[in-house]
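Novice: sequence? don't have it. structure:
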């Protein structure tokens, strides 16, 4: 295994080169699995192609980085690809406060029901990835993102191979999971170009309850030399259909158990729940049967079936439907000594978030004794369309000991969001995995237009062979406006997120060929989201928007970090300290179960201070065995209590730990490889996490393990290029709460915002390269 530390720029070059290597080359040379960012003034690591290949096919690229220090990753499925549950936080910054790109193309903030991008699991098939680069503190100035307060993830796709070839992989396993992946590389064509085309089809049942989680993906990529330029591009399409799991609370887990789920397949029970909730008689009298939240009071007989005691205990079904197209064309080259790169990209999305609601009956209500065939349940959707297009431009040139970089990013995004209701028949429900048409009611529908403009410039000065200094800044302007098309609340207006000077400065000092220290300071801003849901200034009433639009400030962060990268014999490592201040933090609160979608009250509520320590390293014991590990300590607390405009304290959270921010994260891994056999055993520890701002509710620590093992045929002949791989997730079959905040976070008390993790699951893959 190569043991030299590699710079951030060299890491990307290595990843791209590795992506073009053949299977035979991969077998002959084992690349670094984790690449440390020598020469970077920031904390940076990268995951290599080989590491990606060791996880179960279909695994989210985000899950792959959980072994890196400071990364808290959670999901309710084995692959980390179920979008409603997938969560990543870095140094206490959550998912929508990070930046994400694919080959330099912005993916937005990767929140569920995304208004400005798409999830990486839909942007590209996992087998088509060449690597992932993580910057824990702050992304590079060139990262096309307006949400990277606390870090950035840069995903890199595989480059078409120089040689003609084909890959086929078939995976099967737990929960009736089956996946087929096909890829063909053209090799070098007569004009010097190369291309690839791929297709992935994955289907799986939910691990509990009834439902499916399916996805189809199609991808193409090309590289074409053209004189002094290189033209490249990609086209990716995704069709995702996934049934949801029931959101849980601590009370529900205690009453109903960790395997409790939606009522899917039990239509009669769902109808009974809706009728009981909608029956006014159940709320009447001195001793009502149901309370105001639709929960059985204990008086009289329970009107709900089985163990159900509240209307929100079990919905009939819910699902996420997403169709995405993402494309880009890029030109790279040098003109008059200036390195230039320009990309034009586009992204379209059609989506529906589906929920079978007992809160609203289909038009004729279908109550007992009625002749109508309309059910007391309707299907509520939140519908999305995205149409965005943009340009990313980067350049650089040398002047003596200076490397000057500059660039810009422009994007126009037209986003439409609607809340609609569709009728259900009393005799049988319609499928939740097909797009709904013909609503009987539109609660609201709105258009959003967002124009993003960023510019940056930086100078990297090589002062001496030992010292390198970098300084630069980014300017960001994001203007968003909305217009209500139908329904209420009516919200019209615009708001701007703007910072003209976001500096980034750093230095590296080489102590020797095997040791260097680094330090950096950066300031970043997160633009306001433009949507009717989530943490957005538009997710309220017109009066609420008018009240905050003049005073609301975008969230900002200031990050100071420093560390030491070193190597000694077969050991490589990084240790870092950081101090982060997070200002003008936004909190959105609403009443009722999160899925109901009540208006949000958004406000700036002070700051957060985070300080911590991170360490990671790996050691090559011999040619067959290696070990690696990472540890992160994070102390992240709120700086201020929640106050009214008059200064009255309403919630005392000052000094409390930020939600979903474990103080301790620990990872360990043992790897073995000999004569075609290989195995990796990894373990992950996450300490206690809070899901209320006052810290009165939490989930306990947990430790999980995953196992990967297989055999790679290395002989010549028909077996060459054949590989058999097994993956076991949650090896010890740990039962634990994974996702926090699926329905947001509250100040105090229990909340339906938890999801449990998948049990132990086994997957077997057979792949062959021709």
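Specialist: Arrived safely, thanks for sending. The model shown is predicted, which means the values in this text are computed figures rather than measured ones. Numbering: from 1, shown residues only.

Novice: Which residue ranges of this protein form helices?
Specialist: Ranges of helices in the chain, per DSSP state H, are 8-19, 23-28, 49-54, 120-123, 250-256, 267-278, 542-548.

Novice: Check those for me: which has the lowest mean pLDDT.
Specialist: Sorting the helices of the chain by mean pLDDT places helix 23-28 lowest, at a mean of 34.

Novice: Please point out which parts of stretch 291-305 sit buried.
Specialist: Neighbour-count burial for stretch 291-305, counted by 16 or more other C-beta atoms under 10 Å, picks out 294, 295, 296, 302, 303, 304, 305. Where you see a C-beta, it was placed from the backbone N, CA and C, and this is true even at glycine.

Novice: Rebuild those residues as CSV, extending it with pLDDT and distance to residue 439.
Specialist: Shown next, in CSV, are those (pLDDT from 0 to 100; distance: C-beta to C-beta, whole Å):
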residue, pLDDT, distance to residue 439
294, 95, 24
295, 96, 30
296, 96, 32
302, 95, 33
303, 96, 29
304, 96, 28
305, 96, 29
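
Novice: Pick the one among those closest to residue 279.
Specialist: Proximity of the buried residues of stretch 291-305 to residue 279 (C-beta to C-beta) peaks at residue 303, which lies at 7.4 Å.

Novice: Could you list the single helix or strand in the protein with the lowest mean pLDDT?
Specialist: helix 23-28 (a mean of 34; mean pLDDT, DSSP states H and E).

Novice: Just list whatever residues bridge to residue 455.
Specialist: Beta-bridge partners of residue 455, counted by DSSP bridges, are residue 408, residue 475.

Novice: Next up, the contacts around it.
Specialist: Residues in contact with residue 455 (C-beta atoms under 8 Å, 6 or more residues apart in numbering) are 406, 407, 408, 474, 475.

Novice: Make TSV out of the buried residues of stretch 291-305 and add distance to residue 486.
Specialist: Shown next, in TSV, are those (distance: C-beta to C-beta, whole Å):
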residue	distance to residue 486
294	29
295	34
296	37
302	40
303	36
304	35
305	37
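
Novice: nearest to residue 361, of the residues you listed?
Specialist: Relative to residue 361, the closest of the buried residues of stretch 291-305 is residue 294; by C-beta to C-beta it sits at 14.2 Å.

Novice: Run through the residues that contact the closest residue to the closest one other than its chain neighbours.
Specialist: Excluding its sequence neighbours, the residue lying closest to residue 294 (C-beta to C-beta, 6 or more residues apart in numbering) is residue 311, at 3.5 Å. Taking C-beta under 8 Å, 6+ apart as the contact definition, residue 311 lies against 273, 274, 276, 277, 293, 294, 295, 304, 358, 359.

Novice: One more pass at 10 Å, please.
Specialist: Neighbouring residues of residue 311 by C-beta atoms under 10 Å, 6 or more residues apart in numbering: 273-274, 276-278, 290, 293-296, 304, 357-359, 593.

Novice: is it true that residue 671 touches residue 681?
Specialist: Yes - shown here, residue 671 and residue 681 form a contact pair, counting by C-beta atoms under 10 Å, at 8.1 Å.

Novice: Dig out what residue 179 forms beta bridges with.
Specialist: Assessed by DSSP bridges, residue 179 has beta-bridge partners residue 171, residue 202.

Novice: how close does residue 337 sit to residue 663?
Specialist: According to C-beta to C-beta, to the nearest Å, residue 337 and residue 663 sit 50 Å apart.

Novice: correction: residue 276
Specialist: For residue 276, the distance to residue 663 - C-beta to C-beta - is 44 Å.

Novice: Which of these two has more residues huddled nearby?
Specialist: Taking residue 276 and residue 663 together and counting by other C-beta atoms under 10 Å, residue 276 has the greater number of neighbours (22 against 17).

Novice: Now, of the contacts of residue 455, which are buried?
Specialist: So, by 16+ other C-beta under 10 Å, the buried ones in the contacts of residue 455 are 406, 407, 408, 474.

Novice: any idea how far residue 151 is from residue 485?
Specialist: 36 Å.

Novice: Return the list of helices and strands in contact with the biggest strand by length in the chain.
Specialist: Longest strand of the chain, by residue count under DSSP state E: strand 374-399. The contact analysis (3 or more C-beta pairs under 10 Å, 6 or more residues apart in numbering; DSSP states H and E) places strand 374-399 against strand 105-106, helix 267-278, strand 318-335, strand 338-357, strand 402-425, strand 441-462.

Novice: So for this protein, the centremost residue is which one?
Specialist: Closest to where the C-alpha atoms of the chain average out (C-alpha atoms, centre = their mean) is residue 110, at 5.1 Å.

Novice: doesn't residue 148 make contact with that one?
Specialist: No - contact status for residue 110 versus residue 148: not in contact, 11.3 Å apart, counting by C-beta under 10 Å.

Novice: Need the residues touching each of these two.
Specialist: Common contacts of residue 110 and residue 148 (C-beta under 10 Å, 6+ apart): 98, 99, 100.

Novice: Save these as TSV, and put in distance to residue 651, pLDDT and neighbour count too.
Specialist: Formatted as TSV, the shared contacts of residue 110 and residue 148 follow (distance: C-beta to C-beta, whole Å; pLDDT from 0 to 100; neighbours: other C-beta atoms under 10 Å):
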residue	distance to residue 651	pLDDT	neighbour count
98	26	92	26
99	30	93	27
100	32	94	30
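
Novice: Keep only those of those that are in strands.
Specialist: Short answer: the shared contacts of residue 110 and residue 148 in strands (DSSP E) are 99, 100.

Novice: out of the shared contacts of residue 110 and residue 148, who's nearest residue 434?
Specialist: Closest to residue 434, out of all of the shared contacts of residue 110 and residue 148 and judged by C-beta to C-beta, is residue 100, at 29.2 Å.

Novice: what is that closest one paired to in the beta sheet?
Specialist: For residue 100, the beta-bridge partners are residue 153 (DSSP bridges).

Novice: show me what contacts it?
Specialist: 61-62, 88, 106-110, 117-120, 123, 139, 143-145, 147-148, 151-155.

Novice: rerun at 8 Å
Specialist: By C-beta under 8 Å, 6+ apart, the neighbours of residue 100 are 106, 107, 108, 109, 110, 117, 120, 145, 152, 153, 154, 155.

Novice: same thing with residue 585?
Specialist: Applying C-beta under 8 Å, 6+ apart to residue 585 gives the contacts 555, 604, 605, 606, 607, 608, 638.

Novice: coming back round to it: comparing residue 671 and residue 681, which residue is more hemmed in?
Specialist: Between residue 671 and residue 681, counting by other C-beta under 10 Å, residue 671 is the more crowded of the two (23 against 17).

Novice: ok, back up a step: which one of the buried residues of stretch 291-305 is nearest to residue 694?
Specialist: Proximity of the buried residues of stretch 291-305 to residue 694 (C-beta to C-beta) peaks at residue 295, which lies at 23.1 Å.

Novice: Nice, that's everything, thank you.
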